[in-house]
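>>> Sequence first, predicted coordinates after that:
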Amino acid sequence: MATIHYASEASHLSNTAAPLIRAVLNPDSERWPYEDAQSVNDARLLYTVPPHDARPAGEDAFEYVRGGGILDVEWKHASQTLTQDARHVEYDGPSHLCNACLSALGYLAQNLRDCIDHAGDRSFQTKRSVVQHQNMMALFAAANGGCQLCKTIWTRRCKGKNGLATAENLRIEFCWNTTDAASWGGGRPGDARLLCNLVSTAPQSFTKHTWDTLFRFQLWPCPLFDPFFEPEDPMWPGPIGGSNTRSSRPLALRWLSECRANVDGEHASCQTSNPACYPTRLLDLSTLKETGRVLLGVTELIDRSSVHMGEYITLSHCWGTWGAKELPILTTKNIDERVHHGMNINLFPPTFRDAIEVADWFNVRWLWIDSLCIIQDCREDWEREAPMMCEVYQNALLNISADHAVDARGGCFRNRYFGAVGTFKLRLNPLQSSWWVSVDERNLFDWVAEAPSSERAWIYQERHLARRVLHFTEQELFWECRAAAPSFRSETYPRGSPLKRDFLGQTKLRLQDVSTGSICENPVLMTEWDAACRAYSRRKLTFPSDKLPALSGIARHFESRCSDDVYIAGIWISQLPRALLWSVPRPERPEGRPSPTDTGAPSWSWTSTTSPMEPSMVEDSFYVADLVSMLADYQYKTDNQYGAMDRAHLHMHGFVRRITTVMKLMVNESDSVGNAYQDLMRLDTSQRHHLLYVEGRMDDDISCGKHGIQQFGEMPDWFHGFEPVEYYCLFLAVTQEGPRDDRVLRGLLLEPAEDPGSYRRVGHILFRGRCALKMRYRLRRNEESDDAWERLWRRVEPYWREPEEHLDTDQAKPAPLPVDVRSEGPLALYDFDGDAELDPAFERLEPEVITLI
């Protein structure tokens, strides 16, 4: 019988007074613990052996009493059977588990013991999955009955999905993600998981999707991880049946206290602020209890000798459609009234009133809310205040984020079922061990990631600028700060994750640790910037003209660490020209030319598009040669050098060629035998085939090359359709991903603008092999084309190489391509062409000057 041992540190962590020892991860997997645990293809766990039925198959049967808009069903059996398998597990938590869960988990516990004992025995066969509920109505009923597992699954995955509860042909099955003894012996903490799978029981063909992982629970061995989950307050967490996030006040106070105390030394950057820096206006809550009114304080008019300003708190909230029309705002007409007489608390929407209550938790007198502290009908005031968002949020004690509400009517606090965020202990008797059961880490941030606030660009900026954020979500509170990972707390993990995790898997901006200079001289800084821009591009704005202002606070934050650089419309000068090679992912590309939007940004900047974008990855290449020299000509619309642009032109000196691309749709015929499995592998029976014409000429080398592999990659900013599209291509760089990879010629796709010599960016493109060769040279007249091009290719092939399909893996790896940088700017295009210039049949391109607008 295999023996399971726990890590020796367990004895040192058996009480909450001991220091927290977080698991140290493999350097290659800082984000998630182990590939099998987090990146596993769950289809591998789709066992061919039918699942075990822990209870009688017909026990979950139900029938409809009546139809209509009200769900009304009747169970055919009044109670659930508790099988003998249930003796293998013991539940220790604030509620209970239903008989279905106890029976299913009991079977899995003994099954796990058997699998560990027979590890390596190929003759051992067993059913490794078990049916929990035969249909979704049974899951729904058990959740309503208070089963903590069922309630968590239903609340997090099924709530609000119409029709799912009445799906008679869907059932829930349980299985472990692994039966490896190391995962269950404490050697790989956090690796063990319980998978809840949604399985179709209807007759299916191979071409239909029948199985999916609905939810995952993560298991942590006791007593090693007791300090992370044992409640410090014996009264915590309160009634399991339901509570309100308002009851989490003690946790919020503790999180702030721990952050400010900085006992572990990880919160130094959380303390960085300018105590003398205040917003222009703040809401004064000091007389609210006596008068029922909130005054507007103008900070420069406050007598600092008689009034101790203290700290202030900010609020992030969604305006929504209702807020754009109904939200109380500060205007040029009511500002005097607000300063001298204040605003009645009854006029504040629920989110604002709740924020005032939270400020009172921390004994903070001052509160900043955008709609009530910036004059909304005064453009001059808005343009003056918008650039100050960086200082407003950075210097606040903390930021309250009303994540779950679509507008200010939603409030901060929510009634919730605490079991959906709580943890519990599960004793697995066959293993003689106990485990803490929590939601899987990949689902930990669902309440934040799926909240309305996560879609908003302004709130994204506010979240990153604030030193501390208290998130109010649909089911629980989250704490986020600038500490080194784990940089968060939650009601699921009140003392942080047992593993080193960043909030939402994203590193909060901690630029204090990065040296100054240009952004390209600081790889860490540039990686942070690219990640911030990528995430920001996926957020929404009510007004496209806010695209640059809503990013300006983050840009100013970065500028403090790269003071030698210049920022223009979402791109730093030192990143050019390579940063121009951003792209719109294919699934996100608009089907046609987007309607004109006034983002205040030039076409060459990613801030000009309303689509999500991917930053240029050219900088990560083994070799890069820039092919243009350039001069920036720009002017801002206002004094805010991080805001909208009045003019942002790039005068480029480089090579331009006229090309035409054509997309054709080729449809693959279905298998003549009607093999359903092969049809499943061919999920998309159509392919888009691209043709390329260079200055009106097209041949196989340009389109597909010698080996039938497409030699160019067109990446437009929107889908241009199947008609021929004419572009001008400006070559930007020659890149080489690795020392043994083929070289690639990269350029921008341009269309002419109104003024001669001016162009707008509409995408980018890359060329390989013979295609890249024909882009660099022109064949002189009266020359035989095929022989001449082949002769020229033999001259340059040692320096460029051509990609081939179906390479023999037993062949020796190709030798590295020579790297010898001799020139900069346009002439670098020909650095790797050997003696090709000696061929009299060809002529090089002539560089020219164009303007990108």
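Nice, thanks for sending it over.
>>> Look up the closest residue to residue 791, ignoring the ones flanking it.
Distance criterion C-beta to C-beta, 6 or more residues apart in numbering; nearest residue to residue 791, sequence neighbours excluded, is residue 839 at 6.8 Å. For the C-beta atoms, the positions are set from N, CA and C on the backbone; glycine is no exception.
>>> count of neighbours near that neighbour?
Neighbourhood size, residue 839 [other C-beta atoms under 10 Å]: 17.
>>> Now do the contacts for it.
Applying C-beta atoms under 8 Å, 6 or more residues apart in numbering to residue 839 gives the contacts 788, 791, 792, 795.
>>> any idea how far residue 609 is from residue 726?
21 Å (C-beta to C-beta, to the nearest Å).
>>> which of these two has more neighbours?
Neighbour tally, residue 726 and residue 609, criterion other C-beta under 10 Å: the higher count belongs to residue 609, 23 against 11.
>>> Correct me if wrong: the more buried one contacts residue 761.
No: assessed by C-beta atoms under 8 Å, residue 609 is found out of contact with residue 761, at 9.7 Å.
>>> who touches both of the two?
Counting by C-beta under 8 Å, 6+ apart, the common neighbours of residue 609 and residue 761 are residue 717.
>>> How about the contacts made by residue 80?
55, 59, 98, 99, 100.
>>> rewinding a little: which of the contacts of residue 839 ranks first by neighbour count?
In terms of neighbour count, residue 792 stands highest of the contacts of residue 839 at 22 neighbours, by other C-beta under 10 Å.
>>> That one contacts residue 774, doesn't it?
No: Residue 792 is beyond contact range of residue 774, at 9.1 Å (criterion: C-beta under 8 Å).
>>> Helix or strand, whichever it is, which one in the protein has the lowest mean pLDDT?
helix 676-681 (a mean of 32; mean pLDDT, DSSP states H and E).
>>> And the strands in the stretch 301-450 of the chain?
Remark: strands assigned in the stretch 301-450 of the chain by DSSP state E, counting those that start in this stretch are 312-316, 343-344, 366-368, 398-402, 415-416, 424-428, 433-439.
>>> Can you lay out the contacts of residue 80 as a markdown table showing secondary structure, pLDDT and neighbour count?
Shown next, in a markdown table, are those (DSSP: H, G, I helix; E, B strand; the rest coil; pLDDT from 0 to 100; neighbours: other C-beta atoms under 10 Å):
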| residue | secondary structure | pLDDT | neighbour count |
| --- | --- | --- | --- |
| 55 | coil | 85 | 23 |
| 59 | coil | 81 | 19 |
| 98 | coil | 93 | 24 |
| 99 | helix | 93 | 19 |
| 100 | helix | 93 | 30 |
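>>> if we can go back for a sec, closest to residue 429 out of the contacts of residue 839?
Comparing these against residue 429 with C-beta to C-beta places residue 795 closest, at 75.4 Å.
>>> In terms of helices and strands, where is that closest one?
Take DSSP states H and E as the rule and residue 795 turns out to sit in helix 785-800.
>>> Kindly spell out which helices and strands sit in contact with that helix.
The contact analysis (3 or more C-beta pairs under 8 Å, 6 or more residues apart in numbering; DSSP states H and E) places helix 785-800 against helix 769-776, strand 777-779.
>>> Wait, residue 479 touches residue 492, no?
No: judged on C-beta under 8 Å, residue 479 makes no contact with residue 492 at a distance of 11.8 Å.
>>> So for residue 638, what's the nearest residue that isn't a sequence neighbour?
The shortest distance from residue 638 to any non-neighbouring residue, by C-beta to C-beta, 6+ apart, is to residue 383 (4.9 Å).
>>> on that earlier part again, would you mind finding the most buried of the helices and strands packed on helix 785-800?
helix 769-776 (a mean of 24; mean count of other C-beta atoms under 10 Å).
>>> Measure how far it is from the centre of its chain, please.
Distance of helix 769-776 from the chain centroid (C-alpha atoms, centre = their mean, to the nearest Å) equals 37 Å.
>>> cool, stretch 625-633 as well?
32 Å.
>>> mind listing what's buried in that stretch?
Neighbour counts over stretch 625-633 (16 or more other C-beta atoms under 10 Å) mark 625, 626, 627, 628, 629, 630 as buried.
>>> Same check on stretch 192-203?
Buried residues in stretch 192-203, defined by neighbour count with 16+ other C-beta under 10 Å: 192, 193, 194, 195, 196, 197, 198, 199.
>>> The fourth one against residue 175, yeah?
Think residue 195. Yes: using C-beta under 8 Å, residue 195 and residue 175 qualify as a contacting pair, with a distance of 5.3 Å.
>>> What is the distance between the helix or strand that contains residue 751 and the centre of its chain?
Using DSSP H and E, residue 751 maps to strand 744-752. The chain centroid and the centroid of strand 744-752 are separated by 29 Å, computed with C-alpha atoms, centre = their mean.
>>> same check, this time on stretch 295-306
The chain centre lies 41 Å from the centre of stretch 295-306; the measure is C-alpha atoms, centre = their mean.
>>> mean confidence for it?
The average pLDDT for stretch 295-306 rounds to 84.
>>> Just give me the neighbour total for the closest residue to residue 181 other than its chain neighbours.
Excluding the flanking residues, the one nearest residue 181 by C-beta to C-beta, 6+ apart is residue 116, at 4.9 Å. Neighbour count of residue 116, defined by other C-beta under 10 Å: 20.
>>> Distance check, residue 116 against residue 192.
Residue 116 sits 12 Å away from residue 192, going by C-beta to C-beta.
>>> One more: residue 615?
Going from residue 615 to residue 192 by C-beta to C-beta gives 37 Å.
>>> same check, this time on residue 266
The gap separating residue 266 from residue 192 is 28 Å, by C-beta to C-beta.
>>> again, but for residue 755
Residue 755 sits 65 Å away from residue 192, going by C-beta to C-beta.
>>> Equivalent analysis for residue 734, please.
Distance, residue 734 to residue 192, by C-beta to C-beta: 49 Å.
>>> what do you get for residue 398?
Distance from residue 398 to residue 192, by C-beta to C-beta: 35 Å.
>>> Likewise for residue 475?
To residue 192, residue 475 is 24 Å away according to C-beta to C-beta.
>>> What helix or strand is the residue nearest to residue 602 when sequence neighbours are not counted located in?
In this structure, residue 602 finds its nearest non-sequential neighbour in residue 648, 4.1 Å apart by C-beta to C-beta, 6+ apart. Assigned by DSSP H and E, residue 648 belongs to strand 645-654.
>>> what's the angle between that strand and strand 744-752?
Strand 645-654 and strand 744-752 are oriented at 130 degrees to each other (axes from the mean of the first three to the mean of the last three C-alpha atoms, to 10 degrees).
>>> Buried residues in strand 645-654, which are they?
645, 648, 649, 650, 652, 654.
>>> what's across from the fifth one in the sheet?
Counting by DSSP bridges, residue 652 is bridged to residue 630, residue 850.
>>> I'd like to check which residues are in contact with it.
Residue 652 makes contact with 577, 628, 629, 630, 730, 849, 850, 851, 852, according to C-beta under 8 Å, 6+ apart.
>>> same question, the last one
Residues near residue 654 by C-beta under 8 Å, 6+ apart: 627, 628, 629, 730, 731, 732, 825, 826, 847, 848, 850.
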